[in-house]
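Colleague: Dropping the sequence and predicted coords here.
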Amino acid sequence: MELTRENSRAMIYYDFRSGLTQKQCVDRMISAFGDEAPSKTTIYRWFAEFQRGRVKLSDDPRQGRPKTAVTQENVDAVRKLIEEDRHVTYREIQATLDIGMSQIQIILHEQLGVKKLFSRWIPHSLCEEQKAARVTWCVRTLERFHAGSSNAVYNIVSGDESWIYAYEPETKNQSRVWVFENELKPTKIVRSRSVAKKMVATFVSKTGHVTTIPLEGQRTVNAEWYASICLPQVVSELRKENCNRRIILHHDNASSHTAHRTKEFLEQENIELLDHPPYSPDLSPNDFYTFPKIKNKLRGQRFSSPEEAVDAYKTAILETPTSEWNGCFNDWFHRMEKCVKFRGEYFEKQ
């Protein structure tokens, strides 16, 4: 969103009417808008205007007022500064060209039509072969399961591992609270994530959570634990009512998942395998849905031990309604379609 002069003046007026000092107003504006904040001189000048009784926020009309600094030469100079450094700030542009902040805003937003955006974080810098592998897998899986409409989707069980921490701090967005006028701005002490943690393997299906198995007595998942302890519990849970139930296991390419010991167990139990393309957490139900959703519920809670945190994690999963798991798997197939559409690129927030 572009911060116009009227926007700035409205916020300065709000601070003035709220009883804040000029310095407090300056600090608040810089904290919220950084380099785009109006200068200290501007804020002090508008405080003086409001103290004299002014309530109009727009500029007084001035006939023939020339935009002397908005010249083609300056427009080209700003364009060059941006092309040389995409992080260049308002202050740096002002210092380089010696023109006013309002003229810089006109050049940036009206003449050049640029805006500052946060960079989009991606899991991995994909090469062309990896993009092609993602597309191939999506096309094959969409065909195999009729774009998610096949009843065979109900046989898919997707599993993955993740750390559960005794304490994970809230996100900045989660810490937002309503504040009444004239109340002090809320603060929170910055705390780091706990070092106490426990690895769990979680398995989910279109109808809900299947099981979550904590890793006991060791810190890393290996083929021996995965094939002799973890997967047998998954199979037991799935086939407790029907020993011949069809199971299609989906997991990623971790070494414990692709080991000979694991493949032997799957063959022995007549379990079909749905493989997974490398570097594709955006195509794994646990990675794009289960782990972020459930862990988000636990953020800000301090548990006495990793075991207590795992119990809370399990409880939160069990509270998730069946309709959400169904939606998760529907979204999974929509994601495959998006991956094909974007030719294997990471597609989230595009």
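Modeller: Perfect, thanks for sending it. Numbers count the residues shown, from 1 in each chain.
Colleague: Flag the shaky bits of the stretch 101-250 of the chain, pLDDT-wise.
Modeller: Segments of the stretch 101-250 of the chain classed as low confidence (criterion: pLDDT under 70) are 117-122, 170-194.
Colleague: What ranges does it have for its strands?
Modeller: Taking DSSP state E, counting those that start in this stretch, the strands of the stretch 101-250 of the chain run over residues 156-165, 197-205, 208-214, 248-250.
Colleague: can you put the ones you listed in a markdown table and add mean neighbour count and distance to Lys297?
Modeller: C-beta coordinates here come from the backbone N, C-alpha and C atoms, glycine included. Output for the strands of the stretch 101-250 of the chain, formatted as a markdown table (neighbours: other C-beta atoms under 10 Å; distance: least, C-beta to C-beta, whole Å):
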| stretch | mean neighbour count | distance to Lys297 |
| --- | --- | --- |
| strand 156-165 | 22 | 12 |
| strand 197-205 | 22 | 14 |
| strand 208-214 | 19 | 14 |
| strand 248-250 | 21 | 24 |
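Colleague: So which of those strands is nearest Pro292?
Modeller: Pro292 lies closest to strand 156-165 among the strands of the stretch 101-250 of the chain, at 9.8 Å (C-beta to C-beta).
Colleague: Can you spell out which helices and strands pack onto the closest one?
Modeller: strand 197-205, helix 231-238, strand 248-250, helix 291-298, helix 306-318 (3 or more C-beta pairs under 8 Å, 6 or more residues apart in numbering; DSSP states H and E).
Colleague: Quick one: closest of the ones you listed to Ser158.
Modeller: Comparing those by their distance to Ser158 (C-beta to C-beta), the top pick is strand 248-250, with 4.3 Å.
Colleague: Provide the secondary structure category for Lys23.
Modeller: Under the three-state scheme (DSSP: H, G, I helix; E, B strand; the rest coil), Lys23 adopts helix.
Colleague: And it, how far from Leu249?
Modeller: With distances taken as C-beta to C-beta, to the nearest Å, Lys23 is found 62 Å from Leu249.
Colleague: just Gln130 next, same as before
Modeller: Counting by C-beta to C-beta, the gap from Gln130 to Leu249 is 23 Å.
Colleague: try Lys115
Modeller: Distance from Lys115 to Leu249, counting by C-beta to C-beta: 46 Å.
Colleague: Equivalent analysis for Arg45, please.
Modeller: 68 Å.
Colleague: what's the answer for Asp275, then?
Modeller: As defined by C-beta to C-beta, Asp275 lies at a distance of 10 Å from Leu249.
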